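In: this one's sequence-less:
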Ligand code: SF4
Ligand code: SF4
């Protein structure tokens, strides 16, 4: 009998999420964010302990008719090592609060080259009722000047590691195409002078994709994401011009021309889902099969719950059902080495594979920052121009005290509601902008969508387990991509 002094050690379950995939059982171990496959003995030990905590001898006895005691003992020791089970009387060690060391290299700078838009999408966070910054009547310039864009380039090159990502954003980004174009040339030249590499991308609503712009994007290998909501009837519900006219017939031919000409990088669509447009599978088919996008990512609209297009709990359930359908399709395609363009799942699979355990939901305020048209640096592009979320300026640099304060206040350890949630290594409380719109503060976790997050993370884990068994090489690509990136650094 194993004892500690005179006390018998009672074993109990620790923090994990159990899931089933490819006919096997797995554990997602929360403190380490690792995936652990259970063999028959381990599965039996977990089952016995899930009925009630027991001493090691009691576990051996309960399983004596099925497994030899040395095998059970060795599995118990292994499960204790990975912290799937543990000493019942000892509380699980609380993870210490480690703050990232600053200065932290800036990997992505999102440049809001304009806050103007030629569309008037009903749900837009920049123009709708949920806006943070008044871009129509406020003090921020409507367009970024060439001088501010150049200062932003210098700022990025100073703050970044060897490779820097620059993303142009709006408003409608292409309304300021002249500045975008000259900034790409300037950044290339300056990056070469300081021995760094800059990678460019942009987001656009596609309405202004003229042949010369398409040529420029293709020739300069600029990554493109198109904001688009799907087939005509769905696109035209919210993505309308200021006169209320739908944009589908304007954008569809331009997108086809772009996809035809720009072949050097995969081009993706980014779909905003609302209560009126939750038709994930149909949207996905249209965008990939009829328009030809390489990949499609979906995001639920960010809005207060009072808006009629806000997604309700039932809507989230419906969305999860459709995400699951596409995830299954993705799994079956990838298992036989075929491409599938459902991008939401790829990002999460990569995080699971790398054992990511987040202290923060995203890179905002750390490796990612947004720059407003006037050159104010904010936590991310969605807060660009907001004085409350300002972390400095491209001219004067990052205000390290403000950054430290932000990191101190938004750490997962301070989100008490998340402490018992098994999905926290991946979610970490969710998007700050969503939280700000819902609760008026970036510090609160997004508790309105926990069921959805846990359901989706469970699906991703199942797909991960399936691929780990059926096509491990697909997952190993995530390591190779990382190794490639590190080799350049
Ligand atoms: S916001 Fe919800 S789902 Fe996300 S970590 Fe917190 S409790 Fe879990
Ligand atoms: S805070 Fe939200 S919008 Fe901003 S980078 Fe993070 S996830 Fe994206």
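Out: All right, it came through fine. In this text the structure is predicted, and so the values were computed from the model without any measurement. Ligands and ions are numbered 1, 2, ... in the order given.

In: What's the local residue count around residue 162?
Out: 12 (other C-beta atoms under 10 Å). From N, CA and C alone the C-beta is placed, and that goes for glycine too.

In: gap between it and residue 227?
Out: Remark: distance between residue 162 and residue 227 (C-beta to C-beta, to the nearest Å) = 30 Å.

In: buried set for stretch 412-425?
Out: Residues 412, 415, 418, 421, 422, 423, 424, 425 are the ones in stretch 412-425 that count as buried (16 or more other C-beta atoms under 10 Å).

In: so does that stretch get close to ligand 1?
Out: Yes: counting by C-beta under 6 Å from any ligand atom, ligand 1 is contacted by stretch 412-425 at 417, 418, 421, 423, 424.

In: Report the rounded mean pLDDT for that stretch.
Out: Here stretch 412-425 scores 96 as its mean pLDDT.

In: Also stretch 66-85?
Out: 97.

In: Likewise for stretch 134-150?
Out: Stretch 134-150 carries an average pLDDT of 88.

In: Check stretch 348-360 too.
Out: Mean per-residue pLDDT for stretch 348-360: 97.

In: Whether it contacts ligand 1 - can you check?
Out: No: on the criterion C-beta under 6 Å from any ligand atom, stretch 348-360 is out of touch with ligand 1, staying 9.2 Å away.

In: which residues sit against that stretch?
Out: For stretch 348-360, the external contacting residues (C-beta atoms under 8 Å, 6 or more residues apart in numbering) are 28, 31-35, 97-98, 100, 366, 407, 410-413, 424-428, 456-457, 460-461, 463-464, 467, 475, 478-479, 482.

In: what's the burial count for whichever residue of the stretch 101-250 of the chain sits closest to ligand 2?
Out: Closest residue of the stretch 101-250 of the chain to ligand 2, C-beta to the nearest ligand atom: residue 110 (8.2 Å). By other C-beta under 10 Å, 22 other residues sit near residue 110.

In: Repeat that for residue 155.
Out: Number of residues near residue 155 (other C-beta under 10 Å) recorded here: 23.

In: Likewise for residue 42?
Out: 21.

In: Residue 71 too?
Out: A count of nearby residues for residue 71, using other C-beta under 10 Å, gives 15.

In: Residue 216 now?
Out: Neighbours of residue 216 (other C-beta under 10 Å): 16.

In: Same question for it, what's its three-state structure.
Out: Of the three states, residue 216 takes helix according to DSSP: H, G, I helix; E, B strand; the rest coil.

In: doesn't the residue of the stretch 101-250 of the chain closest to ligand 2 fall inside a strand?
Out: Yes: counting by three-state DSSP, residue 110 is located in a strand.

In: List the contacts of it.
Out: Residue 110 is in contact with 167, 169, 368, 369, 370, 371, 380, 381, 384, counting by C-beta under 8 Å, 6+ apart.

In: Against ligand 1, how distant is the nearest residue to residue 324 once chain neighbours are set aside?
Out: Nearest in space to residue 324, with sequence neighbours left out and distances taken as C-beta to C-beta, 6 or more residues apart in numbering, is residue 459 at 5.2 Å. Distance of residue 459 to ligand 1, computed by C-beta to the nearest ligand atom, to the nearest Å: 14 Å.

In: dump the residue contacts of the nearest residue to residue 69 once chain neighbours are set aside.
Out: Nearest residue to residue 69 in three dimensions, chain neighbours excluded: residue 60, at 4.8 Å (C-beta to C-beta, 6+ apart). The contact partners of residue 60, by C-beta under 8 Å, 6+ apart, come to 69, 72, 73.

In: for these, which one is nearest ligand 1?
Out: The closest of the contacts of residue 60, once distances to ligand 1 are taken by C-beta to the nearest ligand atom, is residue 72, at 33.4 Å.

In: what about that closest one, which helix or strand?
Out: helix 69-81 (DSSP states H and E).

In: now that helix: how far from the chain's centre is it?
Out: Relative to the chain's own centre, helix 69-81 is displaced by 37 Å; criterion: C-alpha atoms, centre = their mean, to the nearest Å.

In: Check stretch 106-120 too.
Out: The answer for stretch 106-120 is 19 Å, by C-alpha atoms, centre = their mean.

In: tell me how far the ends of that stretch are from each other?
Out: This stretch, stretch 106-120, spans 32 Å end to end (C-alpha to C-alpha, to the nearest Å).

In: Give me the mean pLDDT for it.
Out: In this model, stretch 106-120 carries a mean pLDDT of 97.

In: again with stretch 16-35
Out: For stretch 16-35, the mean confidence score works out to 97.

In: For ligand 2, what's its nearest residue on the stretch 151-300 of the chain.
Out: Among the residues of the stretch 151-300 of the chain, residue 299 lies nearest to ligand 2; the distance is 9.1 Å by C-beta to the nearest ligand atom.

In: Now do the SS call for that residue.
Out: Going by three-state DSSP: residue 299 is strand.

In: residues in contact with it?
Out: 270, 271, 272, 273.

In: what's the distance between it and residue 163?
Out: Distance, residue 299 to residue 163, by C-beta to C-beta: 26 Å.

In: State which helix of this protein is the longest.
Out: Using DSSP state H, we find that the single longest helix of the chain is helix 313-335.

In: How about it and ligand 1, any contact?
Out: No: judged by C-beta under 6 Å from any ligand atom, helix 313-335 and ligand 1 are separated, with a smallest distance of 11.9 Å.

In: Report the contact partners of the closest residue to the residue of the stretch 101-250 of the chain closest to ligand 2 other than its chain neighbours.
Out: In space, residue 110 comes closest to residue 381 once its chain neighbours are excluded; the distance is 3.8 Å by C-beta to C-beta, 6+ apart. By C-beta under 8 Å, 6+ apart, the contact list for residue 381 reads 110, 112, 167, 169, 370.

In: re the thing from before, what residues of the helix holding residue 72 count as buried?
Out: For helix 69-81, by 16+ other C-beta under 10 Å, it's 72, 73, 75, 76, 78, 79, 80.

In: and which of these is nearest ligand 1?
Out: Nearest to ligand 1 among the buried residues of helix 69-81, with distances taken as C-beta to the nearest ligand atom, is residue 79, at 24.2 Å.

In: Now the closest residue to the closest one other than its chain neighbours: phi and psi?
Out: Excluding the flanking residues, the one nearest residue 79 by C-beta to C-beta, 6+ apart is residue 85, at 4.6 Å. The phi and psi values for residue 85, taken as degrees, to the nearest 10, are phi -130, psi 160.

In: Check the one 10 residues further on too.
Out: Dihedral angles of residue 95 (phi, psi; degrees, to the nearest 10) stand at phi -60, psi 130.

In: Tell me how many other residues surround it.
Out: Neighbour number of residue 95 under other C-beta under 10 Å is 13.

In: Isn't it up against residue 418?
Out: No: in this structure, residue 95 is not within contact of residue 418 by C-beta atoms under 8 Å, at 11.7 Å.

In: Could you measure from residue 465 over to residue 143?
Out: 49 Å.

In: neighbour count winner among these two?
Out: residue 465 (23 against 18).

In: Count the neighbours of residue 65 for me.
Out: Neighbours of residue 65 using other C-beta under 10 Å come to 6.

In: quick one: it from ligand 2, how far?
Out: Residue 65 is 52 Å from ligand 2, by C-beta to the nearest ligand atom.

In: where do the strands sit along the stretch 101-250 of the chain?
Out: Secondary structure of the stretch 101-250 of the chain, counting by DSSP state E, counting those that start in this stretch: strands at 108-112, 163-169, 197-204, 223-227.
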